[in-house]
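Pasting the sequence and the predicted coordinates here, then a few questions.
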Amino acid sequence: MTGDRGYSSDEMMTIAAARALSGARACFVGIGLPSTAANLARALHSPGIVLIYESGTIGAKPPHPPLSIGDGVLAETADTVVSVPEIFNYWLQPGRIDVGFLGAAQIDRLANINTTVIGDSYAEPKVRLPGAGGAPEIAASCREVIVVLRHSRRAFVDRVDFVTSVGFGSGPGDRERLGLRGAGPKTVITDLGILEPDPNTAELTLTHLHPGVTVDDTRAATGWDLAVADDLRETHAPEPRELDALRLLDQPA
Amino acid sequence: MAQVVSLRHAISSVVRDGHSVALEGFTHLIPYAAAHEIIRQGQRDLTLIRMTPDLLYDQMIGMGCASSLIFSWGGNPGVGSLHRLRDAVENGWPGPLRLEEHSHAGMVNRYVAGASGLPFAVLRGYRGTDLADVTPTIKPITCPFTDEELTAVPALNPDVSVIHAQRADRHGNVQLWGITGAQKEAVLAARHAVATVEEIVDELDPRPGAVLLPTWALDYVAVVPGGAHPSYALGYSERDNDFYVAWDAISRDRETFRTWMEDHVLNIGAPA
């Protein structure tokens, strides 16, 4: 779907996410939006970026984003394929990976992530979500984390129903206390703008608006009283070459 | 020494009611034919173990094979929910399903401990998450050397592990390559192990990066070409992504699901 501007809000989100990978050497990639954005970064500005999928493929170079984290094209184009115990124990756990790229069903004010259950009761959930997968340890051990998800009151909640992966826990100093060695979610990219943790409170704060989006739009889609950065900026609109590269990636193989 | 037998014989020899069973394969080499044979044979009250339950445990859960599930990510990759898993958890259909929920890192370390003959594994994981509150098999542990707080998870030693591999030789040595997941660990952790393979060859020529499971580490090998479909076997088949997408509609409704299972699993015979 393309708006009046010649691109959709999802395209803006994916392009903003790809730009955020500029300078990263190695990226641990979740499936879906993160995988599309990581492959767009590789096509645009980071040809040498090492994409790591939890299936054990290191340095995968798929011509199109795969449907699953274990499609054959990932193994066939990888620098090497290692076992799943090895990918988590030798590559992720010691902190060798710069950026972890995650999606989320729910994220809260302190960037904690829920992909487990919606509702008050774990035993009798309103909605049973897929669960943790690799996310808790990706969020703990990558040097930093980028989260990509669509902005809505359902997704952006004051407190997540279940902490599957820790962002900033209950506030500043919590990650250190818990022994989580990475810096945590430094960037949350949505279809409306970009949120970053406040350096003093760790609370997610609106730092960028995508073109045509207002602060009120963003607040209306956030389930807490969203703070806005003093130097709120506008995201650069997608360039034609960025849109071309994304649309080429999205074409079926 | 592994015996080369029919799939029906392999499954009926090792899988019993109440067993813990791990059918492993991380997206690639998922042993669907073996799961279908368990569904046909009708073993019940199983504890199913798998990092990613995938469509095959959706099918086994929906057909009433399982009373418990030990897992770390229960979705249809790139598509959405596993509707039969959700129906079991949210509505208790076709029966209640007890969950023991981990992360991938926790699950692989549980297999590694099981394969290593250790009672538990240690990892940097779960700290600060709610998973430890709902899963009794996640416990804090203090490093005796550094006093650091880490996490312990118990070994997994399934009664039976089942994998699919590209090929075996006539002696039952099994070779697999591409994305090899945690199959080596799952086989070595198990009391009994079965491998289905695409083909039997006279000689297994070495391949870079391949995992070789020697015949004396397995009980049975069965030849089932295409036994990983709709997953795939690198070098033999491609992942049937269209089927993964189509499963969403097939599995959403109990009747449609049941009819599909009758037509495609129950009412067809086991592979020879």
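Yep, it's here.

alpha carbons only for contacts and neighbour counts from here, please
OK.

and stretch B:85-99, does that touch chain A?
Yes: Stretch B:85-99 comes into contact with chain A (Cα under 8 Å from any Cα of the partner chain), by way of B:86, B:89, B:90.

Give me the subset of these lying in helices.
For the residues of stretch B:85-99 next to chain A, membership in helices holds for B:86, B:89, B:90, with DSSP state H as the criterion.

Now rank these by neighbours and give me the top one.
Greatest neighbour count in those, by other Cα atoms under 10 Å in any protein chain shown, goes to residue B:86: 24 neighbours.

ok, which stretches of the stretch 151-272 of chain B are helices?
With helices called from DSSP state H, counting those that start in this stretch, the stretch 151-272 of chain B shows them at B:183-189, B:241-252, B:254-261.

One more: chain A?
Using DSSP H, the helices of chain A run over A:9-19, A:33-44, A:72-77, A:84-86, A:135-141, A:174-178, A:215-220, A:240-250.

quick one, the last one and helix A:9-19 angle?
It stands for helix A:240-250. Helix A:240-250 and helix A:9-19 meet at an angle of 100 degrees, taking axes from the mean of the first three to the mean of the last three Cα atoms, to 10 degrees as the criterion.

and the least confident helix or strand in chain B by mean pLDDT, which strands flank it?
Least confident helix or strand of chain B, by mean pLDDT, DSSP states H and E, is strand B:80-81 with a mean of 93. Sheet pairing here is set by DSSP bridges, and for strand B:80-81 it gives strand B:75-76 (antiparallel).

tell me the mean pLDDT for the partner strand?
Summarised as a single mean, pLDDT over strand B:75-76 is 95.

same question, stretch B:44-63
On average, the pLDDT along stretch B:44-63 is 98.

Ends of it, what's the gap?
In stretch B:44-63, first residue to last residue: 10 Å (Cα to Cα, to the nearest Å).

show me where pLDDT drops low in the stretch 1-150 of chain A?
Applying pLDDT under 70 to the stretch 1-150 of chain A flags residues A:1-3.

how about the residues of it near chain B?
Checking the stretch 1-150 of chain A against chain B by Cα under 8 Å from any Cα, the hits are A:31-32, A:55-57, A:67-72, A:75-76, A:81-85, A:88-89, A:93, A:122, A:124-137, A:140.

out of those residues, which are buried?
A:31-32, A:55-57, A:67-72, A:75-76, A:81-85, A:88-89, A:93, A:122, A:125, A:128-137, A:140 (16 or more other Cα atoms under 10 Å in any protein chain shown).

winner for burial among the helices of chain A?
Mean neighbours per residue, mean count of other Cα atoms under 10 Å in any protein chain shown, is largest over the helices of chain A for helix A:135-141, with a mean of 29.

and it, what other elements does it pack with?
strand A:99-102 (3 or more Cα pairs under 8 Å, 6 or more residues apart in numbering or on different chains; DSSP states H and E).

The strand it packs on pairs with which strands, parallel or anti?
When sheet partners are counted by DSSP bridges, strand A:99-102 sits next to strand A:26-29 (parallel), strand A:144-148 (parallel).

Pull the distance from that strand to the chain's centre.
Put simply, strand A:99-102 sits 6 Å off its chain's centre (Cα atoms, centre = their mean, to the nearest Å).

Over to stretch B:75-89?
Using Cα atoms, centre = their mean, the offset of stretch B:75-89 from its chain centre is 16 Å.

same thing with stretch B:5-22?
13 Å.

Kindly check the end-to-end length of that stretch for me.
Stretch B:5-22 has an end-to-end distance of 20 Å (criterion: Cα to Cα).

Let me know whether it sits next to chain A.
No: judged by Cα under 8 Å from any Cα, stretch B:5-22 stays clear of chain A, getting no closer than 15.6 Å.

what do you get for stretch B:175-182?
Yes: with Cα under 8 Å from any Cα as the criterion, chain A is reached by stretch B:175-182 at B:178, B:179, B:180, B:181, B:182.

How many residues are close by residue B:34?
Per other Cα under 10 Å, the neighbour tally for residue B:34 reads 28.

which residues touch it?
Neighbour list for residue B:34: B:7, B:11, B:162, B:196, B:227 [criterion: Cα atoms under 8 Å, 6 or more residues apart in numbering or on different chains].
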